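*Asks:* structure for this input, please:
(one chain, ligands or ions: 1)
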Amino acid sequence: MKKTTNISAACHCGNIRFELPWPEHELEIQVRKCGCSFCRKHGGVWTSHRDSLLVVTIKDSALVRKYRFGTKTADFHICSACGVVPFVLSEIDGAIYAGVNVNTFEDIGPHSLSTSSTDFDGEDTGSRLERRKRNWIPDVRIAASPR
Ligand SMILES: [Zn+2]
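*Replies:* From the prediction side, this is the model:
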């Protein structure tokens, strides 16, 4: 694997944590302030990288809620203890792809973030899934402790 910078992130109460090795030459992280109806309401700002890897650790999986809307092709993972939405997963052709909420990053300052606004509300489902396959994190590993 290429040289990377490790990004750590967590929901507010720490039930959901993740690590994200980020390709170092791209530490200016392109983030998308999403204009969809769900992200407008919770302030979601997202990023992903096709050369990254998402390693999630969940303390109590009973506290993790999944939420789908619209095309119902993505599961937003919500911590029901603190209400934070750390990541979203989409299963496409048998593989899992992820996007992460940069508001949950713990040690990345705003200077590393380059923000643009997006709104994919009008996109059809086929092009939406193709875009995720190109841009989202293609390797997701989740470790959840049993209750
Ligand atoms: Zn939480």
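
*Asks:* tell me how many other residues crowd residue 14.
*Replies:* 12 (other Cβ atoms under 10 Å). Where you see a C-beta, it was placed from the backbone N, CA and C, and this is true even at glycine.

*Asks:* residues touching the nearest residue to it once chain neighbours are set aside, list them.
*Replies:* Excluding its sequence neighbours, the residue lying closest to residue 14 (Cβ to Cβ, 6 or more residues apart in numbering) is residue 59, at 7.3 Å. Neighbouring residues of residue 59 by Cβ atoms under 8 Å, 6 or more residues apart in numbering: 14-16, 145.

*Asks:* and if you look at residue 22?
*Replies:* 4-7, 29, 49, 52.

*Asks:* switch the cut-off to 7 Å
*Replies:* Taking Cβ atoms under 7 Å, 6 or more residues apart in numbering as the criterion, residue 22 is in contact with 4-5, 7, 49, 52.

*Asks:* could you report the distance from the residue most central in space within the chain to residue 126?
*Replies:* Computing the C-alpha centroid of the chain and ranking residues by Cα atoms, centre = their mean puts residue 100 first, at 1.7 Å. Note on residue 100: its distance to residue 126, by Cβ to Cβ, to the nearest Å, is 24 Å.

*Asks:* pull the residues that contact stretch 116-128.
*Replies:* By Cβ under 7 Å, 6+ apart, stretch 116-128 touches 32-36, 71, 73.

*Asks:* try it again at 6 Å.
*Replies:* 32-36, 71 (Cβ atoms under 6 Å, 6 or more residues apart in numbering).
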